[in-house]
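Chemist: When you get a sec, could you give me coordinates for this:
(one chain, ligands or ions: 4)
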Amino acid sequence: AALASDLRQAWLDNQLQIEYQPQVGADGHMTGVEALLRWEHPERGTVSPAQFIPTAEETSLIIPIGHWVLESACAQLAAWAHRPERAHLGISVNVSVRQFRHPDFVDEVTSAIVKSGIEPRKLRLELTESLLADGIEVTIAKMGSLKAMGVTLSLDDFGIGYSSLSYLKRLPLDQLKIDRSFVRDILTDPNDAAIARTIIGLAHSLGLGVMAEGVETEAQRDFLARQGCEEYQGFLFSRPLPIRELEALIDRLAAEE
Ligand code: G
Ligand code: G
Ligand code: MN
Ligand code: NA
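Modeler: Ligands and ions are numbered 1, 2, ... in the order given. Alright, predicted model coming up:
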């Protein structure tokens, strides 16, 4: 069957799940997690979101699916709010272009925050550079509404897409995420090292935080730390985990303190 009809059925049958990948600060403590969609198909096996997100966008299924991820993240933050070892954590949610451009998007975020009663800054929306390709004035206005609400805004996969520095300075962002393609060979490829260093410097000169993704080794983390990077995500710390495994990890780390 075509991926589009399988995805529609998967959505109706609750075959989609959310895993959470830890994010770690400069002192090694967990600061938050990124919510990542997972699809276990009975015949296809595990389907990567890299494969099915484009289909979800083409079919508009990304609207209900994205809404569900957003509401799930807010419900999770609300459940953690009265657990001392979990209450400080944020959750990053990927927002696709189609979802962001939907006229109801800002209202959906507002209602998810109000319903759950969470602190808005704990919700970190990950936007991509493809939002800057056109409709820039509307993008800036919507980001401004989200920012006014207190939501944290990150620019995901930074450096691989359409990055105009003149737009970048106009966006009400909180953080840049260095794309993992620059982190992978950071110790062996001087160009990647220079790019990572430049992104960290750019973020700081614009008053933004910076997170590196795809950090797999201590040596990569140490290199990034020396350049002033303050947050990390990658297999060095943890792969994305089902919620029960994530909560067990948080409790284990808290018990070791
Ligand atoms: O986790 P993984 O490497 O398989 O993710 C592949 C891609 O899918 C990443 O670019 C990630 O941003 C995207 N992705 C994962 N979950 C979501 C989601 O909930 N919404 C959107 N729009 N993209 C997601
Ligand atoms: O595009 P986005 O940044 O949202 O994608 C995040 C994706 O990166 C997730 O699908 C996750 O599985 C993947 N990922 C997370 N950490 C690592 C890592 O250390 N190495 C590699 N190769 N992929 C990672
Ligand atoms: Mn992301
Ligand atoms: Na990314």
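Chemist: Surely residue 86 touches residue 249?
Modeler: No - using CB atoms under 8 Å, residue 86 makes no contact with residue 249, being 11.1 Å away. C-beta: built from backbone N, CA, C; applies to glycine.
Chemist: So the nearest residue to residue 16 once chain neighbours are set aside: helix, strand or coil?
Modeler: Spatially, and ignoring its direct neighbours in sequence, residue 16 is nearest to residue 39 (5.5 Å; CB to CB, 6 or more residues apart in numbering). Applying DSSP: H, G, I helix; E, B strand; the rest coil to residue 39 yields a three-state assignment of strand.
Chemist: who's in contact with residue 39?
Modeler: Counting by CB atoms under 8 Å, 6 or more residues apart in numbering, residue 39 makes contact with 7, 10, 15-17, 46-47, 49, 52.
Chemist: Where do the helices of the stretch 1-150 of the chain begin and end?
Modeler: Along the stretch 1-150 of the chain, counting by DSSP state H, counting those that start in this stretch, helices occupy 3-12, 49-59, 62-80, 97-101, 105-116, 136-149.
Chemist: Residue 188 is nearest to which of those?
Modeler: Nearest to residue 188 among those is helix 49-59 (25.0 Å), distances taken as CB to CB.
Chemist: I'd like to know how far whichever residue of the chain sits closest to ligand 2 sits from residue 23.
Modeler: Taking CB to the nearest ligand atom, ligand 2 has its nearest neighbour within the chain at residue 234, 3.1 Å off. Residue 234 sits 9 Å away from residue 23, going by CB to CB, to the nearest Å.
Chemist: repeat for residue 2
Modeler: The spacing between residue 2 and residue 23, counted by CB to CB, is 35 Å.
Chemist: Next: residue 254.
Modeler: In this view, residue 254 and residue 23 are 16 Å apart by CB to CB.
Chemist: Which one's more surrounded, these two?
Modeler: More crowded of residue 254 and residue 23, by other CB atoms under 10 Å: residue 23, with 24 against 13.
Chemist: So for that one, what pLDDT did the model give?
Modeler: For residue 23, the pLDDT comes out at 98.
Chemist: Just give me the neighbour total for residue 219.
Modeler: Residues near residue 219, counting by other CB under 10 Å, number 12.
Chemist: Please name the residues that touch it.
Modeler: When contacts are counted by CB under 8 Å, 6+ apart, residue 219 touches residue 187.
Chemist: Could you do residue 92 as well?
Modeler: Counting by CB under 8 Å, 6+ apart, residue 92 touches 23, 32-35, 124-126, 154.
Chemist: Model confidence at it, what's the number?
Modeler: Value for residue 92, per-residue pLDDT: 98.
Chemist: and if you look at residue 121?
Modeler: 98.
Chemist: Touching, it and residue 150? I think so.
Modeler: Yes - with contact defined as CB under 8 Å, residue 121 and residue 150 form a contacting pair (5.4 Å).
Chemist: filter the contacts of residue 92 down to the ones near ligand 3?
Modeler: residue 126 (CB under 5 Å from the ion).
Chemist: which ones among the contacts of residue 92 are found in strands?
Modeler: 23, 32-35, 124-126, 154 (DSSP state E).
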